[in-house]
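In: Here is my input, please return the structure:
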Amino acid sequence: MAALRAAKQALRREIKGRVAALSEAEKRRQSLVVSQKLFRHPKYVSSQRIAVFLSMNDEVCTQEILRDVFKRGKTCFIPKYETSSNHMDMLKLNSLQDMETLPLTSWNIRQPADDDSSRDEALATGGLDLILMPGLGFDRFGKRLGRGKGFYDTFLERCDKHPKGKPYTIALAFKEQMCQEIPVDDNDVLIDEVLYEDK
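Out: A predicted model of the protein is given here:
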């Protein structure tokens, strides 16, 4: 177990270094390539209820995706992390303007305030069709290296128990985040697909 944790930590450092070396322009370019791939994806086209992460600087930018979700009239949910635990809910985002009003967390991510009880929670109101997954690293077998908090793994376990079943999961990645193989344990949930700029 300790060896696995050490392997993950080493890989996190390596990937962070590769992504940190990317220019802002290159991250923007790859983000648009990945977004366009998503917009053509049959699962995205057919999904009505979608969870979208609000990207950090070292992740594929989801701004265009959010814009497209609202343009197509889909229902959008965003993460609300509880930093004291590994609990995460997906809460409804009403519009791009709504997003601008959300407070910033210590990680510099916008998310609904703790006392904001006005928003639908995805699993309490019909489940999700599709979850767009962030992460630090991915491989072609659906293995994902997160940031070590387990937010998405525990959320996907809750989705499994939902009457609608587990949503389809698509990770969005820079090609520099792709690895030969990610070391995983039994708690790591596999994702269905990774979108990145391949040759």
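In: Bridged to the residue nearest the centre of the chain, which residues?
Out: Centroid-nearest residue in the chain, with CA atoms, centre = their mean: residue 133, separated by 2.6 Å. For residue 133, the beta-bridge partners under DSSP bridges are residue 171.
In: Please name the residues that touch it.
Out: 53, 144, 152, 169, 170, 171, 172, 191 (CB atoms under 8 Å, 6 or more residues apart in numbering). (C-beta placed from N, C-alpha, C; glycine too.)
In: If any of these are buried, put those into a PyMOL selection.
Out: A single PyMOL command is used to select the members of the contacts of residue 133 judged buried by 16 or more other CB atoms under 10 Å:
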select buried, resi 53+144+152+169+170+171+172+191
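In: Among the contacts of residue 133, which one sits closest to residue 87?
Out: residue 152 (11.5 Å; CB to CB).
In: how much space between that closest one and residue 171?
Out: The gap separating residue 152 from residue 171 is 10 Å, by CB to CB, to the nearest Å.
In: shared neighbours, these two?
Out: Common neighbours of residue 152 and residue 171 (CB under 8 Å, 6+ apart) are 133, 134, 135, 144.
In: And those, which two are furthest apart?
Out: 134 and 144, at 9.1 Å, using CB to CB across the shared contacts of residue 152 and residue 171.
In: one step back: which single one of the contacts of residue 133 is nearest to residue 123?
Out: Out of the contacts of residue 133, the member with the shortest distance to residue 123 (by CB to CB) is residue 152, at 13.7 Å.
In: who does the longest helix seen in the chain touch, helix- and strand-wise?
Out: As assigned by DSSP state H, the longest helix anywhere in the chain is helix 2-20. With contacts defined as 3 or more CB pairs under 8 Å, 6 or more residues apart in numbering; DSSP states H and E, helix 2-20 has these neighbours: strand 137-138, strand 144-145.
In: ok, the last one: who's next to it in the sheet?
Out: Read it as strand 144-145. strand 137-138 (antiparallel).
In: Quick check: mean pLDDT of the partner strand?
Out: Across strand 137-138, the average pLDDT comes to 96.
In: same deal with stretch 21-35?
Out: The model assigns stretch 21-35 a mean pLDDT of 98.
In: Strands of the chain, start to end?
Out: Ranges of strands in the chain, per DSSP state E, are 49-51, 75-81, 88-93, 130-133, 137-138, 144-145, 168-172, 193-195.
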